[in-house]
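Asker: Sharing a model prediction with you, sequence too.
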Amino acid sequence: MNLSSTLVETVSIDYEDFNESFLTCGTCLCTYDSVEHNPKLLPCSHTICLECLTRIVATFARDSQFRCPICRELITIPQGGVQALPPSFLVNQLLDLMARQRREVVPKCGSHPNQELLFCETCDCVFCSTCTAGSHIITPSTGNQGTHGAEGGASNTDRNSSNSDHTVIPFSIAIKRMSEILLYKANECTSKLDTANETVTKEMHKLDHRGDAAYEEVRLLFEEVVKAVEKRRDEVLLDVKRKKDEKRKVLEEQLKIIQTEKTEVDADVEKMQHQVEVRNITKKISELNTKLDAVNQLSEPRENSYMVFCRNEEIHYPEHIKQMLKNVGSVKTSKTFPSLCRASMETSIANLETTARIQTIDYNGKMQDHGGDPITAEVIDEKGNQITTKLNDNEDGSYSVKFTAKGVGTFCMKVNIFDRPIKDCPLFFEVTDHNSPVLSFGSKGIKDKGFIQPCSLIVDHNDDLYVVDTGNSRIKVLSKNLDFQSHIFNENLEGRSVTGVCLGSSGDTLVTVNWRTKTITEMSLDGRTIGGFSHDDMIEPIAVAVNNNDEVLIADNGVGCILVFESCGKLKRKIGCKGKNKGEFKELSSVCVGPDGEIIVSDTRIIVFSANGEFLREIGTVSSKDGPRGRYCGVSVDRSGLLLAARMEKAKSYIQVFSLADGSLQSVIDSHGSKLKRPTGVAVSNREDNYAYVVDIGHDCVRKYRYK
C-alpha cells in the first residue's frame, strides 16, 4: 500500500482560548462586559477592566499616578479618574463580533474526546487520526479501537488505491463548507424556482389575454351573423308589408268609390220622394239603371287577398345554417413544448441552399403531427448579419427553414416557438465551401456495377441516367439514386468508340455519336435502332446535342467547329472555326443546348452562341503567361439558367456553376473527400431541382452532387 495524504492547514479558532487571550481581563480573569468589567485602554496599550483599575488606584495610587499591573509602566490618572480613560475599541468590537457569532461545536472522536475528527475529501469519509494510527485506512490492528475509526465514503479497496493523493481537512471545516454549499445550492434552486414561477405566471397571463381575444373574436363573428339574419328578416318582413299595403291601397280606393256612389244614390232618392213630376221620376229611374251597370263592376274587388310566404323547399334552413356555422371556424391550440423541440440540419455549404428541419414535440415527448405553431427562425453569420430565410410549415408537426449562406464560417440559427427557444438554441454550425458527393456508383469492371472508360451521360424526364460505358460497348441505365437498372446494347455501340449521347427531340429516344465510324445513331430506350446518318464532312465527331428544331448539333474536333444537321442527315451550316480569337475553338469536348436555344460549347473556355450561331460570349476563361490553363470537358444547363461545367487542370478537377445570362461564377463543386480525376460529362436532374450527375472516366464512376 502506497497511500499519501495531504493535511490542508486551516485556521480553526478555539472559542475558550480566544476568550481567555483577548476577551478576559489579565488581572481579575473576568470576561469583559459593558458594566463593571468595561475594558479601558491604558497609555501603555494594555487593556484592564474598570473594576480592577478602580481597586488599584484606591490602593496603590501616589501623586495621581499608578503602575500598569502588566508591564509596570507608570500611568498618570487623568482628570475625572479612571472613568475618563478611553475604552478599548478593539476589545469592544471583538465582544460585539463574538456576540453575533454562533459558537461552533468541534466534532470530537467518541473514543478520544480530545481528538478532533478529520474528513478526507477524496474518500468522502470521516475518521479519527488516533483510531486509524495516523491514516484513515482501517487496518486489522486498528479497526476495533473506536467506533469512529472511519465512517462513510468509498470502500477499502478504493481507499487502498496506490499512488493517489488524498486531501484531508478538519471535519468542522468540512461541515461548514458543506453548509455553505448547501445554502448556495438552495439559493440557486430557489432563484430558478422563482424564475420558473415568473415564467409560468407570465404564460398564464398570455393565455388569459389570448383566450379573451379569441372569445371576443367569436362574439363579434356571431354578432355579425345575428345582424345579417336580422337584416334579412327585416328586409323580408318589409317586403311583405309593402306588398300588403299595395293591395290594401287598391281596395281602399275601391271602397271610397263605392261610398261616393252610395251617397249620390241616397241623395237622389231623398230628392225623388217629394217629386210629383212623372217626367223627372222617369229620367231618374233611367239614370239609376245606368248606374246599376257601374255598381255591378264595383261589386267585385279590384285586388285579391291572396298573400303567402313561399319558402325554398330545397333547403332545410335550420340544418343548412347549422352546417354553415359549423364551418365558421374552430379554436386552435397546441401542445408543443419548445424546450423539447429539436432542429436537425444537413451539411451547410456556402452558396448552396441549406434546409434545417424543426420537429415539434409535446411535454410528454410525443412528436406532434400537425402544424400551425407560431414559429420564428433567423440565421446570423459571423459578422452579425441576418441571412434571408424561408420558413415552411410541412403541416405534419415539422417545419423547414431554408437559407443560403454566402460565405464560410460559424453561423448561428435561433428558433423560437411561442417566443420561447427550442432545445439547444441558439444552434451554432459551420458553413464549409467543400462540396462532397451525395452518392457514388461504379468502379472499373464489366459487371452491373462496372465501367470501363465511361465518358458521357444524359438524364431523361424521369431522372433516369443513361451513361455511355465506352469500354464495355454499352449504355448503363441508372435510377436517380444511382441504382442499377439495365444495360442497353446496339450494334452501333460496338467498337468502344461512342463518345457522346443526348436525348432525341421527343425525349424518348437516345442519339449517340461514334467518332471511329463517324455515324450518328438514334435508338429507342431499349436499344432498338430507329435511324441514323453519316456525312463526309465529319472527321472526329465527339459530342452530340439536339435542339428544339430537331436539328442535330455535332462537335467535331477534327473540323474544329459545330456541324448543324437536319434530322435526315443534311448539313445545314457550320458554327465557329479553329483559332485563338474569341468565338474560335482550340479543343472541343462537349456541346449542349440552353433554355432559349443557345449553343454552348466546352473548350479551353466555354463559348456561347445564339440559336442562329452568332457568337455571344465566353465564360470561364483562365489564362497564364503560357496560354490557357486547363480545359472544360462537359457542360449542362438547368431550367433556371445555371450552367454546370466540368473542368480539368493539371493538378485538380472540379465542377463550376455559372450564370448563363452573365457568366458570373455562382459556386464550385470541389468533391472534397472524393476528388474528381477526369470528369468528362455533366447532367442535371429534371425533377429534383438541385442535383447534378458527373461521370468520371478517371475513377470509372458516376457521382451525384448538390449544386444549388
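Answerer: Yep, that arrived.

Asker: C-alpha only now, for contacts and for neighbours.
Answerer: Fine.

Asker: pretty sure Gly673 contacts Ser436?
Answerer: Yes. Shown here, Gly673 and Ser436 form a contact pair, counting by Cα atoms under 8 Å, at 6.4 Å.

Asker: Between these two, point out the one with more neighbours.
Answerer: Ser436 (19 against 10; other Cα atoms under 10 Å).

Asker: what sits against the more buried one?
Answerer: Ile669, Asp670, Ser671, His672, Gly673, Ser674, Tyr705 (Cα atoms under 8 Å, 6 or more residues apart in numbering).

Asker: okay but the first one is in contact with Lys652, surely?
Answerer: No. Taking contact to mean Cα under 8 Å, the distance of 11.7 Å between Ile669 and Lys652 leaves them out of contact.

Asker: Following the chain onward from the helix or strand containing Glu20, which element is next?
Answerer: Using DSSP states H and E, Glu20 maps to helix 15-22. Where DSSP H and E defines the elements, the next helix or strand beyond helix 15-22 is strand 39-41.

Asker: you'd agree Val695 is in a helix?
Answerer: No. According to DSSP: H, G, I helix; E, B strand; the rest coil, Val695 belongs to no helix; its state is strand.

Asker: quick one: Lys326 and Val591, what's the gap?
Answerer: Counting by Cα to Cα, to the nearest Å, the separation of Lys326 from Val591 is 62 Å.

Asker: So which of the two has more stuff around it?
Answerer: Between Lys326 and Val591, counted using other Cα under 10 Å, the more crowded position is Val591 (28 against 10).

Asker: can you pull up the bridge partners for the closest residue to that one other than its chain neighbours?
Answerer: Nearest non-adjacent residue to Val591, counting by Cα to Cα, 6 or more residues apart in numbering: Val601, 4.5 Å away. Val601 has the following beta-bridge partners by DSSP bridges: Val591, Ile607.

Asker: How about the contacts made by Val601?
Answerer: Contacts of Val601 (Cα under 8 Å, 6+ apart): Ala555, Leu588, Ser589, Ser590, Val591, Cys592, Ile607, Val608, Val635.

Asker: Let's see that with 10 Å instead.
Answerer: 543, 555, 561-562, 583, 585, 588-593, 607-609, 618, 632-636 (Cα atoms under 10 Å, 6 or more residues apart in numbering).

Asker: first vs last residue of stretch 78-89, how far apart are they?
Answerer: The first residue of stretch 78-89 is 19 Å away from its last residue (Cα to Cα).

Asker: ditto for stretch 321-336
Answerer: Start and end residues of stretch 321-336 are separated by 34 Å (Cα to Cα).

Asker: doesn't Val564 make contact with His535?
Answerer: No. His535 is beyond contact range of Val564, at 11.3 Å (criterion: Cα atoms under 10 Å).

Asker: tally of neighbours for Phe18?
Answerer: 12.

Asker: ditto for Arg62
Answerer: Other residues close to Arg62 by other Cα under 10 Å number 12.

Asker: What residues of stretch 585-604 count as buried?
Answerer: For stretch 585-604, burial by neighbour count (16 or more other Cα atoms under 10 Å) applies to 585-594, 597-604.

Asker: for it, the distance to its chain's centre please.
Answerer: Using Cα atoms, centre = their mean, to the nearest Å, the mean C-alpha position of stretch 585-604 is found 41 Å from that of the whole chain.

Asker: what about the lengthiest helix in the chain, distance to the chain center?
Answerer: What stands out as the longest helix in the chain, according to DSSP state H, is helix 171-272. Relative to the chain's own centre, helix 171-272 is displaced by 40 Å; criterion: Cα atoms, centre = their mean.

Asker: average model confidence for it?
Answerer: In this model, helix 171-272 has a mean pLDDT of 88.

Asker: got the angle for the next helix-or-strand element following that helix vs helix 171-272?
Answerer: The C-terminal neighbour of helix 171-272 among helices and strands, as given by DSSP H and E, is helix 278-298. With axes from the mean of the first three to the mean of the last three Cα atoms, to 10 degrees applied, the angle from helix 278-298 to helix 171-272 works out at 160 degrees.

Asker: quick one: contacts of helix 278-298?
Answerer: 254-255, 257-258, 261-262, 265, 268-269, 271-273, 275.

Asker: how about the CA coordinates for that helix, as PDB?
Answerer: Output of helix 278-298 as PDB, limited to C-alpha atoms (Å, rounded to 0.1, in the frame of the first residue of the first chain):
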ATOM      1  CA  VAL A 278    -143.500  62.000 -63.800                       C
ATOM      2  CA  ARG A 279    -141.000  63.000 -66.400                       C
ATOM      3  CA  ASN A 280    -138.400  63.800 -63.800                       C
ATOM      4  CA  ILE A 281    -139.000  60.500 -62.000                       C
ATOM      5  CA  THR A 282    -138.700  58.500 -65.200                       C
ATOM      6  CA  LYS A 283    -135.500  60.300 -66.000                       C
ATOM      7  CA  LYS A 284    -134.000  59.500 -62.600                       C
ATOM      8  CA  ILE A 285    -135.100  55.800 -63.000                       C
ATOM      9  CA  SER A 286    -133.200  55.700 -66.300                       C
ATOM     10  CA  GLU A 287    -130.100  57.200 -64.600                       C
ATOM     11  CA  LEU A 288    -130.200  54.600 -61.800                       C
ATOM     12  CA  ASN A 289    -130.500  51.800 -64.400                       C
ATOM     13  CA  THR A 290    -127.200  53.100 -65.900                       C
ATOM     14  CA  LYS A 291    -125.600  53.400 -62.500                       C
ATOM     15  CA  LEU A 292    -126.600  49.800 -61.700                       C
ATOM     16  CA  ASP A 293    -124.200  48.600 -64.500                       C
ATOM     17  CA  ALA A 294    -121.400  50.600 -62.900                       C
ATOM     18  CA  VAL A 295    -122.300  49.300 -59.500                       C
ATOM     19  CA  ASN A 296    -122.100  45.700 -60.800                       C
ATOM     20  CA  GLN A 297    -118.400  46.400 -61.700                       C
ATOM     21  CA  LEU A 298    -117.800  47.800 -58.200                       C
END
